[in-house]
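**Q** coordinates for the following, if possible.
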Amino acid sequence: MTQAGTHAGTRAGAREGRPLDTAMAELVKLAEEVAKNSYSKESKFRVGAALRLSNGKVVAGTNVENRSYGLTICAERAAIVRAVAECGPEIRVVAAAIVNLNGADSSPCGACRQVLTEFTEPDAPVAFPWNGQMEVQPFSALAPFPFGAKEKRGA
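**A** Here you go, the predicted model:
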């Protein structure tokens, strides 16, 4: 994978082999832009996340590290916090893009997947760098057995 600004024209998923649609390409571009604001003095791993919400609004977040790594907040969680702050706790994520400016594979980490579970539609497409291209998967494929899913669905 190459540096920022090149993802929008890449293919979505090695198995699917289709170009990113315009809406996903826009999310990827916004995630790349916000990743430039990453506070990552220790790791230099600059990540951005952009979320399309059920009300049509798009919000973004970037990772903010701390020398005590346990206090670091990932880009995905920063974006969720912003979405809730701006739109309230009932907001739903209908699409997401995660990028990094380091050329590394980076699907959402386990903590981010769990937090996203609280707010993301199971069929929401999620784009992330994997094997040198942008992979797109439904959120349910990234978090097939999330903690608390039974309570969330009311089952």
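
**Q** CA only for contacts and neighbour counts going forward, please
**A** OK.

**Q** between the two ends of stretch 39-54, how far is it?
**A** Taking CA to CA, to the nearest Å, stretch 39-54 runs 28 Å from one end to the other.

**Q** give me the contacts around that stretch.
**A** For stretch 39-54, contacts defined as CA atoms under 8 Å, 6 or more residues apart in numbering pick out 27-28, 30-38, 58-67, 74-76, 79-80, 83, 91-102.

**Q** which helices and strands does the helix or strand harbouring residue 31 pack with?
**A** Element membership of residue 31, judged by DSSP states H and E, is helix 22-35. With contacts taken as 3 or more CA pairs under 8 Å, 6 or more residues apart in numbering; DSSP states H and E, helix 22-35 sits against strand 47-53, strand 58-62, strand 93-100.

**Q** so what does the shortest one touch, helix or strand wise?
**A** This points to strand 58-62. Applying 3+ CA pairs under 8 Å, 6+ apart, one finds that strand 58-62 contacts helix 22-35, strand 47-53, helix 75-87.

**Q** most tightly surrounded among those?
**A** Highest mean neighbour count of these: strand 47-53, a mean of 28 (counted as mean count of other CA atoms under 10 Å).

**Q** returning to what we had before: which stretch among the helices and strands packed on helix 22-35 comes nearest residue 148?
**A** strand 93-100 (17.8 Å; CA to CA).

**Q** quick one: least confident helix or strand in this protein?
**A** strand 11-12 (a mean of 37; mean pLDDT, DSSP states H and E).

**Q** centroid residue for the protein?
**A** Per CA atoms, centre = their mean, the C-alpha nearest to the average position across the chain is that of residue 98, at 3.6 Å.

**Q** so how far is residue 146 from that one?
**A** Counting by CA to CA, the gap from residue 98 to residue 146 is 19 Å.

**Q** tell me where the model's unsure across the protein.
**A** Counting by pLDDT under 70, the ranges of the chain that qualify are 1-18, 149-155.

**Q** one more time with 90
**A** Within the chain, the segments meeting pLDDT under 90 span 1-20, 67-70, 145-155.

**Q** can I take it that residue 42 is in a strand?
**A** No: if the criterion is DSSP: H, G, I helix; E, B strand; the rest coil, then residue 42 is coil and not within a strand.

**Q** excluding its backbone neighbours, what's nearest the residue nearest to the centre of the chain?
**A** Closest residue to residue 98 in three dimensions, ignoring its sequence neighbours and counting by CA to CA, 6 or more residues apart in numbering: residue 49, at 4.4 Å.
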